[in-house]
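> give the three-dimensional model of this entry:
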Amino acid sequence: MLQFYLLAVVLCAVCGYLFAFGDSKAIILSENIENVQSNKTFALVIGLLCLITGIFKLISPVRGVPVFGDFLPALALLFAAISNLLDYYKATTTVGLTLPNFLETVLVENRRYAGIIILIIAFLHFLLPGLLFI
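Predicted structure coming up:
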């Protein structure tokens, strides 16, 4: 479905940009990005949209083989969903959350690198919609 294709490209681009450049002071709009990232409702809505779109991208690719047709964009969306929903949970709960070291490193500390990878996936998915895995 083309609606999920467009939604996947836009959500990957938005989440990738926020992850890659959200903490940067060199960007002109960094104050606005930090305000958006600190908004709990925004994290919940983007997280749920990424989760739903990622699951539907696995089930129904644009053209081609189910599951493998849009595999990288679906994985990028599911990663963004987990990361955003984790941010929402940390912002709203009073109970401390301790993640294993591997997950803490991937989801929190190296978020900038994941954001760059998600931006590349969004760009490639926009340019090459029918390619296997992308």
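
> quick check: next helix or strand after the helix or strand bottoming out on mean pLDDT in the chain?
The helix or strand of the chain with the poorest confidence is helix 30-37; it has a mean of 60 (mean pLDDT, DSSP states H and E). Where DSSP states H and E defines the elements, the next helix or strand beyond helix 30-37 is helix 40-59.

> for Ile118, pull up the helix or strand it's in.
Assigned by DSSP H and E, Ile118 falls in helix 111-127.

> please compute how far that helix lies from its chain's middle.
Here helix 111-127 is found 9 Å from its chain centre; the criterion is C-alpha atoms, centre = their mean, to the nearest Å.

> give me the angle between that helix and helix 40-59.
Interaxial angle of helix 111-127 relative to helix 40-59 (axes from the mean of the first three to the mean of the last three C-alpha atoms, to 10 degrees): 50 degrees.

> what helix or strand is the residue nearest the centre of the chain on?
Geometric centre of the chain, nearest residue: Ala80, 2.7 Å, by C-alpha atoms, centre = their mean. Assigned by DSSP H and E, Ala80 falls within helix 71-92.

> thanks a lot, catch you later.
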